[in-house]
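K.L.:
Pasting a predicted model and its sequence here:
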Amino acid sequence: MTISNIAITNPALAIAGIAAIVPLVVHLLTRRTTRVLTFPSLRFLKSARASQARLYRLRHLLLLILRTLAVLLLWVAFLKPVLHLGAVREARERALPSAVVVVLDASASMGHRSMGGTAFARGKTAARALLGTLGAADKANLIIAGAFPVASFTEPSEGRAMLERDVESAELSGARADMDAALAEAAAQLAACRNVSREIHVISDFQRSNWAAVGFGDVPPDVKLTFLPVGAADTGNLFVSDVTVSPPFPTVRERVVLSCRVVNTGAEAAAAPIELRVGDGVLLKRETRVAARSAVTEVFQFALSDPGQFEGTIRLPGDALPVDDERYFVVPVAQRMPVLVLCDAADREPTASGRLIARGLDPFPDRSPSAFETTLSRSGSGLPLAAGLQHVIVVTDTLPFDGAMLTRLLAYMRDGGSVVFFLSSAGDRTNLLALESASGGDLTLPFRPLGAVSVPADAGGAVTLAQANFDDPIFEKFREVEELGKVRFFRHFGVERVEGGGRTLARFSDGAAALATKAVGAGWLSVCNFSVAPDASDFARKVLFVPFLHELLKSARPRGNAIDRFTVGRACSTAVTGMDDFGQVRFLRPDGAAAQALFNAEHGNSVVVFSETPQPGFYRVWRGDRRLASAAVNVDERESDLDLLDAGQLHVAARAARGKVLAASGVDGGTLRNLRHGRPLWHWCVVGMLVCLVVEQGLWAWWRG
């Protein structure tokens, strides 16, 4: 500590320092005068007098020092010194006004209740206290950090009353806060402020899963950055994560398997009932017990007897973080499995592979309904593609796709859809390779098709299936069927093997891959290195063609789909089938309020996008009293892990990027004031003065006794 770290806040009393000479004046005026005495013998008296005079002078010097020090300490107390060491504003900046941005974390984890209230309530109290420390010339702004930062003003302003009102009306967003964006917005607002002390105060619980990855590079080194933690040490929580529904798009009476993990982050084991509700009919309950800081997996099985979109909820008992006690999901159940067959040769060739596949999926449309609802279309038709509209898309005999079509197919698979490629033509090969290229590295094909390999049928030569994985659901039912190995293929493509590109399920007799699969996002890609057209194989003439095609497409669906695709604060979507008129449709939020939505209605199908999702629950599409579709929105699972960073860890994280940072408790108003304005020292001066007076009186009593 140096004198430069101390500021005098009452310099008008500096002249009173002359009072320090008062004890000296009193000392000089009260000195004893010398008396002359005559004695017969002076030798021993002179010696005793000299010794007593030295002791007398020493005592009075000590008293003089104590009294002078007491007066000086009293004078310094009236000067009101402030220690700025460890404060935001240094002593040399005392005359400068401040430009302050308060960043208040409004993420879901701030709703954790402890110490008689939520962390968010304590954060609002800290924000009000911080605004109360500002002077008349200071400017300030408030940023609520949610999925997107929301600022009260476009720049720091003197409108203190409006900021206090915004703090009072602030609400938890329920979303995962984008702290990088909030800090960048705060730094951008302060960049235009000149000749001021620039400060950013972050009020948060400093959840590890969020703050461990935050960068501080957008905050300039000359901007004071302060962390004000308002979280609690007791952060145990019980929540549900990793909810998966398989199959994600079941048909009527098909068995559905739902699995989830129940996680306990507390220091003690927890036992709680878990409740599963699907629609109005399926209600399953069981008791679960989870050890401390561990998780258990729970599996439920059920079937639904009617088509439609069924809303589901997994519920745990209420705890200190109520926002994540429920997980929401939607199970779309179809009467028949919708399949879209894209074929550009179907219009001109009656025996095109697309026509044969569509006929094989529904061989007797007039007699008995098939398990598939097949739509045959050209690839450039502009049909909406969504996992809820088509469970599988078959691509065969197509012309080269444009960039928009490739983007749509990739998005369809990433969102949980499945695509089956039959390599019937050079266009299919081109489209498959273009799909890999357009993915930006997210998709690696199970194999790359090279040049075409043809053996004319009249030449008597062909390749057959020589190897197959009969443990896979596609081939499982054909384990004992010899006819599968008798199918002749007259045309296929040479292949280049790709390491780690997927699973090869079947090979031709010449060693080339015949069928392979690959996971893409939440969806699936299957590649059949053959065509079912008569000039390419005799597969369509075989009795097993129809059952094999059915098993192929049923197994092509993704095995399971995580239901937590949509999180609070981000856009969500749902599919509506069989409707192209949205004139009487209402869009509602979970609380029943009207919601903003965008939709694209084409060919009787549409995708509805809810652009704003401020709360967890179901976002619904209604027509009259009928619910047409729902989208489930959940709290980000990472918000449920309440492990917090302490002050030391925050210092380490921030110093690596920008050097000095400050941290102080956000629940103590006095600490906040000291952090901004420094620690007052006058009361210590008064204590020191009293100590000097007590010591002086003690010495007097001792000497006189």
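P.N.:
Done, it's in.

K.L.:
now stretch 437-447, how far from the centre of its chain.
P.N.:
27 Å (Cα atoms, centre = their mean, to the nearest Å).

K.L.:
Show me where the stretch 1-150 of the chain dips below the pLDDT cut-off.
P.N.:
1-57, 59, 63, 73, 75-95 (pLDDT under 70).

K.L.:
what's the neighbour count on Arg176?
P.N.:
When neighbours are counted by other Cβ atoms under 10 Å, Arg176 registers 23. Heads up, the C-betas are built off the backbone N, CA and C, glycines and all.

K.L.:
now the one 4 residues further on
P.N.:
Using other Cβ under 10 Å, Asp180 has 17 neighbouring residues.

K.L.:
Next, it: secondary structure please.
P.N.:
Three-state call for Asp180 (DSSP: H, G, I helix; E, B strand; the rest coil): helix.

K.L.:
Distance check, the spatially closest residue to Val214 that is not a sequence neighbour against Ile203.
P.N.:
Of all residues beyond its chain neighbours, the one nearest Val214 is Met179 (4.8 Å), with distances taken as Cβ to Cβ, 6 or more residues apart in numbering. Distance from Met179 to Ile203, counting by Cβ to Cβ, to the nearest Å: 12 Å.

K.L.:
Common neighbours of those two, please.
P.N.:
Counting by Cβ atoms under 8 Å, 6 or more residues apart in numbering, the shared contacts of Met179 and Ile203 are Val103, Asp105.

K.L.:
Which one of these two is surrounded by more residues?
P.N.:
Set side by side, Met179 and Ile203 show more neighbours around Ile203, with 28 against 23, by other Cβ under 10 Å.

K.L.:
Tell me the confidence at that one?
P.N.:
The model reports Ile203 with a pLDDT of 91.

K.L.:
what bridges to it?
P.N.:
Under the criterion DSSP bridges, Ile203 forms beta bridges with Leu104, Leu228.

K.L.:
so which helix or strand takes in Val341?
P.N.:
Val341 is part of strand 337-342 when elements are defined by DSSP states H and E.

K.L.:
and Leu131, that one's in a strand?
P.N.:
No: counting by three-state DSSP, one finds Leu131 to be helix, located in no strand.

K.L.:
Can you show me the strands along the stretch 101-250 of the chain?
P.N.:
Secondary structure of the stretch 101-250 of the chain, counting by DSSP state E, counting those that start in this stretch: strands at 113-114, 117-118, 139-145, 149-151, 197-204, 224-229, 238-246.

K.L.:
Show me which residues of the helix or strand following the longest one are buried.
P.N.:
Along the chain past strand 238-246, the next helix or strand (assigned with DSSP H and E) turns out to be strand 256-264. Of all the residues in strand 256-264, those buried under the rule 16 or more other Cβ atoms under 10 Å are Val256, Leu258, Cys260, Arg261, Val262, Val263, Asn264.

K.L.:
which intervals of the stretch 401-550 of the chain have sub-threshold pLDDT?
P.N.:
In the stretch 401-550 of the chain (pLDDT under 70), the answer is 456-460.

K.L.:
Kindly recompute the last result at 80.
P.N.:
455-461, 500-501 (pLDDT under 80).

K.L.:
Helices along that one, start to end?
P.N.:
Ranges of helices in the stretch 401-550 of the chain, per DSSP state H, counting those that start in this stretch, are 403-414, 426-438, 545-556.

K.L.:
What is the last one packed up against?
P.N.:
Okay, so that is helix 545-556. Secondary-structure packing of helix 545-556 (3 or more Cβ pairs under 8 Å, 6 or more residues apart in numbering; DSSP states H and E): strand 337-342, helix 353-361, strand 392-396, strand 418-422, strand 523-528.

K.L.:
Output these in TSV; the columns should cover distance to Val330 and mean neighbour count.
P.N.:
Converted to TSV, the helices and strands packed on helix 545-556 look like this (distance: least, Cβ to Cβ, whole Å; neighbours: other Cβ atoms under 10 Å):
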stretch	distance to Val330	mean neighbour count
strand 337-342	16	24
helix 353-361	26	24
strand 392-396	19	28
strand 418-422	18	25
strand 523-528	17	25
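
K.L.:
Format these as TSV; extra columns: distance to Thr154.
P.N.:
Below are the helices and strands packed on helix 545-556 laid out as TSV (distance: least, Cβ to Cβ, whole Å):
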stretch	distance to Thr154
strand 337-342	48
helix 353-361	57
strand 392-396	47
strand 418-422	46
strand 523-528	42
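
K.L.:
Which among those is found nearest to Arg557?
P.N.:
strand 418-422 (5.4 Å; Cβ to Cβ).

K.L.:
Show me the contact partners of the closest one.
P.N.:
353, 357, 391-397, 409, 412-413, 428, 431-432, 523-528, 530-532, 552-553, 556-558.

K.L.:
Report the angle between the strand holding Val341 and strand 392-396.
P.N.:
20 degrees (axes from the mean of the first three to the mean of the last three Cα atoms, to 10 degrees).

K.L.:
rewinding a little: mean neighbour count and distance to Phe364 added to the helices of the stretch 401-550 of the chain, as TSV?
P.N.:
What follows is those, written out as TSV (neighbours: other Cβ atoms under 10 Å; distance: least, Cβ to Cβ, whole Å):
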stretch	mean neighbour count	distance to Phe364
helix 403-414	18	29
helix 426-438	18	28
helix 545-556	20	10
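
K.L.:
Dump these to JSON lines, plus distance to Val252.
P.N.:
Converted to JSON lines, the helices of the stretch 401-550 of the chain look like this (distance: least, Cβ to Cβ, whole Å):
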{"stretch": "helix 403-414", "distance to Val252": "24"}
{"stretch": "helix 426-438", "distance to Val252": "32"}
{"stretch": "helix 545-556", "distance to Val252": "14"}
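
K.L.:
who touches Ala140 in this structure?
P.N.:
Residues near Ala140 by Cβ under 8 Å, 6+ apart: Ser98, Ala99, Val100, Val101, Val102, Leu131, Leu134, Pro156, Ser157, Arg160, Leu163.

K.L.:
and the third one, what does it touch?
P.N.:
Val100 makes contact with Leu130, Leu134, Asp138, Lys139, Ala140, Asn141, Pro156, Glu199, Ile200, His201, according to Cβ under 8 Å, 6+ apart.

K.L.:
Sort out which one of these lies nearest Gly494 for me.
P.N.:
For these, the residue nearest Gly494 by Cβ to Cβ is Ile200; the value is 61.1 Å.

K.L.:
Please tell me the pLDDT value assigned to that closest one.
P.N.:
At Ile200, pLDDT is 89.

K.L.:
That one touches Glu185, doesn't it?
P.N.:
No: the pair Ile200 / Glu185 is not scored as a contact, 10.2 Å apart, by Cβ atoms under 8 Å.

K.L.:
When those two are compared, which one has more neighbours?
P.N.:
The neighbour comparison of Ile200 against Glu185 (other Cβ under 10 Å) goes to Ile200, with 24 against 21.
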